[in-house]
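>>> Fold the following.
(3 chains)
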Amino acid sequence: MAGLYLSVATRAFRRYSTYTAATLAGMFTNCVFGIILCFVYQELWSLKPHAGGYDVKEAITYVWLGQAMIMTVLVWGGGPTNDLANRIRTGDVALDLYRPVPLIGWYAAQDLGRAAYHLLARGIGPTLLGALLFDIRWPGSLGAWLAFAVSLPLAVLVSFAIRFLVASTAFWLLDSSGPATVAWITAAFLSGLTVPLVLFPGWTRDVVLTLPWATFIQIPADIWLGQRSGWHAVEGLVLGAAWAGVLLLVCAFVLRRATAKVVVQGG
Amino acid sequence: MAETLAGAAAANVRAYRDIGLMWTRAAMAYPASFWMMAFSGFVVGGLDFVGIWIMFHTVDSLGEWNLREIAFLYGASGFGLAFADMLVGRVERLGDLIRTGRLDAMFLKPLPLLLQVCADEFALRRLSRILQSVVVLGVACTFVAWSPVKVLVTLSMIASSSVIYLAIFVAFACIQFWTIDANEVANAFTYGGNAVTQYPLSIYPREVVTGLTLVVPLAFVNWYPALYVIGKPDPYGFPDWLRFASPLAAVVLMALALLVWRTGVRHYTSTGS
Amino acid sequence: MTSTSSADGSLIQVRDLHRTFTVRRKTSRFRGVRDEVVAVHDLTFSVEVGEMVGYIGPNGAGKSTTIKMLTGILVPTDGSLSVAGLDPSRQRTELARHLGVVFGQRTTLWWDLPLRDSFAVLQKIYRTSPERHRANLAEYVELLDLGDLLDTPVRQLSLGQRMRGDIVAALLHDPEILFLDEPTIGLDVISKGRLREFLRTLNAERRTTLMLTTHDLQDIEALCDRVIVIDHGTAVFDGPLADLHTQGGSTRTLVVDLVDEAPAISVPGAVTRRVEGPRQWLSFPADASAAPIVAAVAAAYDVADLSIQEPDIEDVIREIYQR
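Numbering: from 1, shown residues only, chains lettered A, B, ... in the order given. Next up, the predicted model:
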């Protein structure tokens, strides 16, 4: 079973790696946005040197980590869950339901494979450019590297579960583009892509740091930067694992309801 | 000749309207999605601005511009982007149209290709994003000490901003005539352009501002006219007449964009790829 | 209506048409070599008003490249081309008013809207006068039996219904030339028959010139008096369907049902291909008369029944390709 999932993931990795021009184009865009944000943050942190508990170097690093994560966790949506939404609309999903592999696992494996590709292709490139153009901070210890490495798949799983739920709305609405739009807007804002979550004022900061989207960028970045270390880092990882678990359970529940509906209506 | 040209232009506008209406009716087949996405458009822009507002929770100014002044920049740039996005945003999907053969089908209709590409899947819901920019700009305008000339400059700024973004959408989408998958490059200039101009250009290095004046003239979307309307000095000391040059930049850029489009179409019809 | 024929009176005129493509062949992910590929060369033909022409050939023979040049989507590398008296690539929008195009595998109708709405917007796009539009719509809807479906969203139509809708859409502006690309693909036998019947009527009543590419040779047999066969980018045959048979060395088959089983029949002018119980298959050249053979068989054997099978055009074309 594990071997099967691995091969599904590998296939997804290869599938996404065929679009070389798209990858280069996307990296270019990530870099442009990264540079713009760096200038903005340099200005902001020069006026207020310890905003959000970061220094300017950490803020700059945060920018590039954010650009690296956009495609890895698909802040804007898309990926295998888009295929799923289309298959629900066309009714082809019935075939997925008869596969010997659980549907959620099948798509999750694909998404992890995809994320691995996007991390390598779209994540590392911009980060290196950021390091070249600006001064960025690297993880200070092996533990930080390890914790960061663990935080990534958790982020992908949380993001996958949310996108899966969005795609599932197609079972009822047929067209899931409305929910998908709501989802990416929420994700862009609450993941810390628009502004780092640590800059949120007062109690809102505590709230957004516990929401599932915090696991997309803010928590991995804080682990990388050493803002979260030791037990604090573990706490961040547990939060990610908890959200992934809860959301995947919700996915399973929703899928059961949807399946019942498909069977009754005959697709 | 001039009369027939005007007649043809009017006919094209009507055709765009008719196709647009048809897509709007088609979108209404899924009213839940339509309203959800319309509302989202409003929220997207709104949250973007909330992001800036959160930054201003930490600082009082950026590049020596306060939040009210930045709202003016934000509204002008956002309006242009949202307006252009509604009118021609679909040109982003040129590669898809080529891949699926739909562009070929457009060659068979007696309308300009660019018009058909832009009107394809026209989405009225994008009006909400325009509305959001209007709200921010409207509020920002209440803090301006108005004069007749400032009103004129502001109106020309909004029009120029729209035309400049129209041109940028079209010009950079043309890359897809050569590299079908590279549609994301255009995002760096459209949405990226909007991101740059949301902030006062005084926060960027001089080279960047020179580039935004001479190469990709996004500075004319809001920065130069806003210097005049709000009454701020140009920290880089560029000539004062630039503050009134937005319409010129818009016209030149639009002409260039149409030239690029024609070159792209010619490339397509001569390679068929 | 403006004059639509070229100097020598042909509606479509193609002379020494050439088209080459530069194809980048990938040798690795980032590297490639450029190859010149000749898609069409030395292609010459003309089509007169009111003709029904089958344009056939194997995949990759240059069919769609030709159609793309005729409709202005592609510029020829060399040679001259005129359709309805116009240069397709230079006068594309003008030409579009003279053309109707139907792709069997793609619809140009609005997926989520009723047929009626798609037709209405076409009237605006082509700026057809409202009276003409109404008259055409009424006539075609009647002929193609779409009356009950006008208010149904396209996505709910069957393939055959959608196809008929697409054909109406292509005809509402009174085109003089109708290009059909695989018009009957995926349709059931009844729908196919009905569609062919309609196209014949259209051609007879309006003198609409039809040019169709198809893999379904029954389309050709049912519709086209003339066939152009293209292979490797050039026309290998251009003429009446009947001549295609002679050129392809095609044969007709006489099926003989004898009263009793017998060894293979031997009569002059025919060869026995197959014996199965009392039934035998004799083939003879398609242009030869069947009468002497029938007479010879009837004279020598007790015949229960006779029938003649027309040549299979697919075999004929395969025969031509193989040369």
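>>> quick one: stretch C:133-150 to chain centroid distance?
Taking the mean of its C-alpha atoms, stretch C:133-150 sits 24 Å from the chain's own mean (Cα atoms, centre = their mean, to the nearest Å).
>>> same thing with stretch B:81-96?
The answer for stretch B:81-96 is 9 Å, by Cα atoms, centre = their mean.
>>> again with stretch A:49-65
Distance, stretch centre to chain centre, for stretch A:49-65: 20 Å (Cα atoms, centre = their mean).
>>> hey, C-alpha coordinates of it in PDB?
Output of stretch A:49-65 as PDB, limited to C-alpha atoms (Å, rounded to 0.1, in the frame of the first residue of the first chain):
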ATOM      1  CA  PRO A  49      13.300  48.000  13.700                       C
ATOM      2  CA  HIS A  50      11.600  45.200  15.800                       C
ATOM      3  CA  ALA A  51       8.100  45.100  14.400                       C
ATOM      4  CA  GLY A  52       6.500  41.700  15.100                       C
ATOM      5  CA  GLY A  53       9.600  40.600  16.900                       C
ATOM      6  CA  TYR A  54      11.600  40.400  13.600                       C
ATOM      7  CA  ASP A  55      14.700  42.300  12.600                       C
ATOM      8  CA  VAL A  56      15.000  43.500   9.100                       C
ATOM      9  CA  LYS A  57      17.000  40.500   8.000                       C
ATOM     10  CA  GLU A  58      14.400  38.100   9.400                       C
ATOM     11  CA  ALA A  59      11.700  40.100   7.600                       C
ATOM     12  CA  ILE A  60      13.500  39.800   4.300                       C
ATOM     13  CA  THR A  61      14.000  36.100   4.900                       C
ATOM     14  CA  TYR A  62      10.300  35.800   5.600                       C
ATOM     15  CA  VAL A  63       9.500  37.300   2.200                       C
ATOM     16  CA  TRP A  64      11.500  34.700   0.300                       C
ATOM     17  CA  LEU A  65      10.200  31.800   2.400                       C
END
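>>> contact partners of it?
With Cβ atoms under 8 Å, 6 or more residues apart in numbering or on different chains as the test, stretch A:49-65 has contacts from A:34, A:37-38, A:41-42, A:44-46, A:126-127, A:129-131, A:134-137, A:196, A:198-199, A:217, A:220-221, A:224-225, A:227, B:58-59. Any C-beta I mention is one placed from the backbone N, CA and C, and that applies to glycine too.
>>> In strands only, show me those.
In strands, defined here by DSSP state E, there are no members of the contacts of stretch A:49-65.
>>> Whichever of the residues you listed end up buried, select them in PyMOL.
Isolation of the buried members of the contacts of stretch A:49-65 (16 or more other Cβ atoms under 10 Å in any protein chain shown) is achieved in PyMOL through the command below:
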select buried, (chain A and resi 34+37+38+41+42+44+45+126+127+129+130+134+136+137+196+198+199+217+220+221+224+225+227) or (chain B and resi 58+59)
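>>> can you list the residues that contact stretch A:240-252?
Contacts of stretch A:240-252 (Cβ under 8 Å, 6+ apart): A:104, A:108, A:151, A:154-155, A:157-158, A:161-162, A:164-165, A:168, A:212, A:215, A:219.
>>> Most proximal residue of the stretch 1-150 of chain A with respect to chain C?
Per Cβ to the nearest Cβ, A:T20 is where the stretch 1-150 of chain A lies closest to chain C, at 6.2 Å.
>>> which SSE is C:W281 in?
Assigning secondary structure by DSSP states H and E places C:W281 in strand C:279-285.
>>> which other residues reach that strand?
With contacts defined as Cβ under 8 Å, 6+ apart, strand C:279-285 is touched by C:249, C:251-258, C:262, C:264-265, C:267, C:269-275, C:290, C:293, C:297.
>>> Please narrow those residues to those residing in strands.
Counting by DSSP E, these place C:251-258, C:271-275 in strands.
>>> quick one: which of those residues is most hemmed in?
Counting neighbours by other Cβ atoms under 10 Å in any protein chain shown, C:V256 leads the ones in strands among the contacts of strand C:279-285 with 25 neighbours.
>>> Pretty sure that residue sits against C:V303.
Yes: between C:V256 and C:V303 there is a contact under Cβ atoms under 8 Å: 6.3 Å.
>>> Overlap of the contact sets of those two?
Between them, C:V256 and C:V303 share these contacting residues under Cβ under 8 Å, 6+ apart: C:V297.
>>> related to what we said a few turns ago, which members of the ones in strands among the contacts of strand C:279-285 are the farthest-apart pair?
In terms of Cβ to Cβ, those reach their longest pairwise distance at C:T251 and C:L258, which sit 20.9 Å apart.
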